[in-house]
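Enquirer: here is a sequence together with a model predicted from it:
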Amino acid sequence: MSIKLAEYKKAFSQEVLRWLQDKTVFSLWAGESLDSCPKSDTELELFYKNHGITPVALEEDGKFIGQFTYRYVSDEIRLGFIILSESVRGKGYAKVLVRLAVDFVKQIDEKIEESLRQ
């Protein structure tokens, strides 16, 4: 079993939208950020773009199983919009995703800090 972060592809948005059809899942995912679920992958991607949000995929053995997003707010990088496929929920994958996400953001932060020192 190989779990890793991967580049987010447009096709993944369609899968995320399928997962969000459950009202409870949508509510947990969106919090107070959205009143209703995006109706299309284009609408979801536009929401991300308009809010400076970058999605990152989680894959297991090459299959898309989840995502998290990050964005810059002032001098911070914030994580959000974490969601997993229903096939892996309740199996510890969220812990793995959050751990990988935090490591990913730390690497970005280190690169920013390094570029500021130069």
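Expert: Ah, there it is. Residues are numbered from 1 along each chain as shown.

Enquirer: tell me which residues in the lengthiest helix in the chain are buried?
Expert: Once the chain is assigned using DSSP state H, the helix that runs over the most residues is helix 93-117. Buried residues in helix 93-117, defined by neighbour count with 16 or more other CB atoms under 10 Å: 93, 94, 96, 97, 100, 101, 104, 105. (Each C-beta comes from the backbone N, C-alpha and C, glycine too.)

Enquirer: can those residues go into CSV with extra columns for distance to residue 20 and pLDDT?
Expert: Converted to CSV, the buried residues of helix 93-117 look like this (distance: CB to CB, whole Å; pLDDT from 0 to 100):
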residue, distance to residue 20, pLDDT
93, 17, 96
94, 16, 94
96, 21, 95
97, 17, 96
100, 22, 96
101, 19, 95
104, 23, 94
105, 23, 91
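
Enquirer: make JSON lines out of the residues you listed and add distance to residue 19.
Expert: Compiled in JSON lines, the buried residues of helix 93-117 are given as follows (distance: CB to CB, whole Å):
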{"residue": "93", "distance to residue 19": "13"}
{"residue": "94", "distance to residue 19": "13"}
{"residue": "96", "distance to residue 19": "17"}
{"residue": "97", "distance to residue 19": "14"}
{"residue": "100", "distance to residue 19": "19"}
{"residue": "101", "distance to residue 19": "17"}
{"residue": "104", "distance to residue 19": "21"}
{"residue": "105", "distance to residue 19": "23"}
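
Enquirer: phi and psi next, for residue 6.
Expert: Reported as degrees, to the nearest 10, the phi and psi values for residue 6 are phi -150, psi 170.

Enquirer: quick check, it in contact with residue 59.
Expert: Yes: in this structure residue 6 lies within contact range of residue 59 using CB atoms under 8 Å: 4.6 Å.
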